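Student: curious how this folds, go ahead:
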Amino acid sequence: MRLFFGLSLPDDVRAVTRACAESAALSIPGRYPPAENHHVTLAFLGEVPPERLPAARDVLARCAAAFPAPTLTLQGFGCFGRRENAILILRVRSEPPLEPLHNRLVRALAQADLPADPGPFSPHITLARHAALPDALPACLPVSFTATQAHVFLSARDTAGVLRYTPLETVPFARARAEN
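Tutor: This is a model prediction of the structure:
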């Protein structure tokens, strides 16, 4: 099973990311995944045997329980890689910052003998791969939301060959648990 830890988007925020992707696709060629896949990755595990899913969930639950529910703000377009073959993203700012949570997750995964990609970490939402970017990127209005829970996602292709990200496990953040 190919797994990662991440944050899903509320429907209203996903509508914004969908609109940003659709707007970008008008002038930026690239491979755009379904908007249902839009998320913020916290840590990428990679291939994990199915019997280790409970251990992965426990790592995420322990780390999320010690971290306040973050407020995320989409800050506009950005990219990774070369402009002629880039990954088009929406940059994400978080309060509190997500990097300490990412680092804690990577350490806890190593202690649990689970795989983890250790770095570098830059919170974002991927809009397109293999994008040919113009000199100037379009604008996208900032939008904020609070993530009250994190997920263990499965990354797998559906019967049509489309890559889908499916939440398998959900755990609350500290503040979300305290408010309930």
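
Student: wait, His38 touches Ala15, no?
Tutor: No - using C-beta atoms under 8 Å, His38 is not in contact with Ala15; the gap is 10.3 Å. Just so you know, the C-beta spots here come from the backbone N, C-alpha and C atoms, and that holds for glycine as well.

Student: which one of the two is surrounded by more residues?
Tutor: His38 (21 against 13; other C-beta atoms under 10 Å).

Student: quick one: contacts for the more buried one?
Tutor: Leu9, Arg14, Thr17, Arg18, Ala21, Ile125, Thr126, Leu127 (C-beta atoms under 8 Å, 6 or more residues apart in numbering).

Student: now, among those, which is nearest to Pro68?
Tutor: Leu9 (18.9 Å; C-beta to C-beta).

Student: for that closest one, give me the pLDDT.
Tutor: If you check Leu9, the pLDDT there is 96.

Student: my read is it is in a strand, agree?
Tutor: No - per DSSP: H, G, I helix; E, B strand; the rest coil, Leu9 lies outside any strand segment and is coil.

Student: now it: phi and psi?
Tutor: phi -110, psi 140 (degrees, to the nearest 10).

Student: tell me the centre residue of the protein?
Tutor: Among the residues of the chain, the one closest to the centroid is Val40, at 1.9 Å (C-alpha atoms, centre = their mean).

Student: tell me who's in contact with it.
Tutor: Counting by C-beta under 8 Å, 6+ apart, Val40 has contacts Gly6, Leu7, Leu9, Leu72, Val92, Leu98, Pro123, His124, Ile125, Ala147.

Student: same thing but 10 Å
Tutor: Val40 is in contact with 5-9, 70, 72, 74, 90, 92, 94, 98, 123-126, 147, 150, counting by C-beta atoms under 10 Å, 6 or more residues apart in numbering.
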